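Chemist: Whatever this is, show me its structure:
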Amino acid sequence: MENIISNISIKLASNPSKIFLMDGIGALLSGLLLVFLIAPFEEIFGMPQMVSYQLTIPIWGFMMYSFSCYFLNLKHWKPFLKFIAFANFLYCCLTFCLIFIQFQSLTILGIAYFLSEIIVISLFVGIEWLIIKKHDSFL
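Modeler: Modelled structure (predicted):
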């Protein structure tokens, strides 16, 4: 697994703007899942509908930020990538806290969904930090 992540980060380090595109697409997918799958089916997942909708607020912001960084094709992209990596990390922390807060109402499917989301986003954060480090070694 570590080798796969390392290979992905090496390929993306040569064209770092693509990581912003991937991040934006991931945020879009996450937001759509929350709005069209998790929130409407509160009884299946157990996350209160209002909480699911509120979780989309930072997600839409992350999506707009990442797509903007991609389309602007920033020359000095590292501080922007550091910001979104840190923001994604904070989102994972928020989601983890919500699992504990809502644990009594969450179903097994709800816990599985949110833990899966945390794992995927955490892997992505790891790739983002590897890209930053690998780009330093290219210079």
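Chemist: what residue ranges in the protein score low on pLDDT?
Modeler: Along the chain, the parts satisfying pLDDT under 70 run over 1-2, 5-6, 9-10, 13, 136-139.
Chemist: Now for it: which helix has the highest residue count?
Modeler: Ranked by residue count under DSSP state H, the longest helix found in the chain is helix 108-138.
Chemist: Against residue 41, how distant is residue 51?
Modeler: Going from residue 51 to residue 41 by CB to CB, to the nearest Å gives 14 Å. Just so you know, the C-beta spots here come from the backbone N, C-alpha and C atoms, and that holds for glycine as well.
Chemist: Show me which residues of stretch 83-100 are buried.
Modeler: For stretch 83-100, burial by neighbour count (16 or more other CB atoms under 10 Å) applies to 84, 85, 87, 88, 89, 91, 92, 95, 98, 99.
Chemist: Next: stretch 54-66.
Modeler: Buried-residue list, stretch 54-66, by 16+ other CB under 10 Å: 55, 56, 58, 59, 62, 63, 65, 66.
Chemist: Same question for stretch 113-124.
Modeler: Using 16+ other CB under 10 Å as the burial criterion, the residues of stretch 113-124 that qualify are 113, 114, 117, 118, 121, 124.
Chemist: Reformat those as TSV; add distance to residue 28.
Modeler: Shown next, in TSV, are these (distance: CB to CB, whole Å):
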residue	distance to residue 28
113	17
114	18
117	14
118	18
121	13
124	14
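Chemist: Need the buried residues of stretch 83-100 in a markdown table (columns: secondary structure and distance to residue 18).
Modeler: Converted to a markdown table, the buried residues of stretch 83-100 look like this (DSSP: H, G, I helix; E, B strand; the rest coil; distance: CB to CB, whole Å):
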| residue | secondary structure | distance to residue 18 |
| --- | --- | --- |
| 84 | helix | 13 |
| 85 | helix | 15 |
| 87 | helix | 18 |
| 88 | helix | 16 |
| 89 | helix | 20 |
| 91 | helix | 21 |
| 92 | helix | 22 |
| 95 | helix | 25 |
| 98 | helix | 30 |
| 99 | helix | 31 |
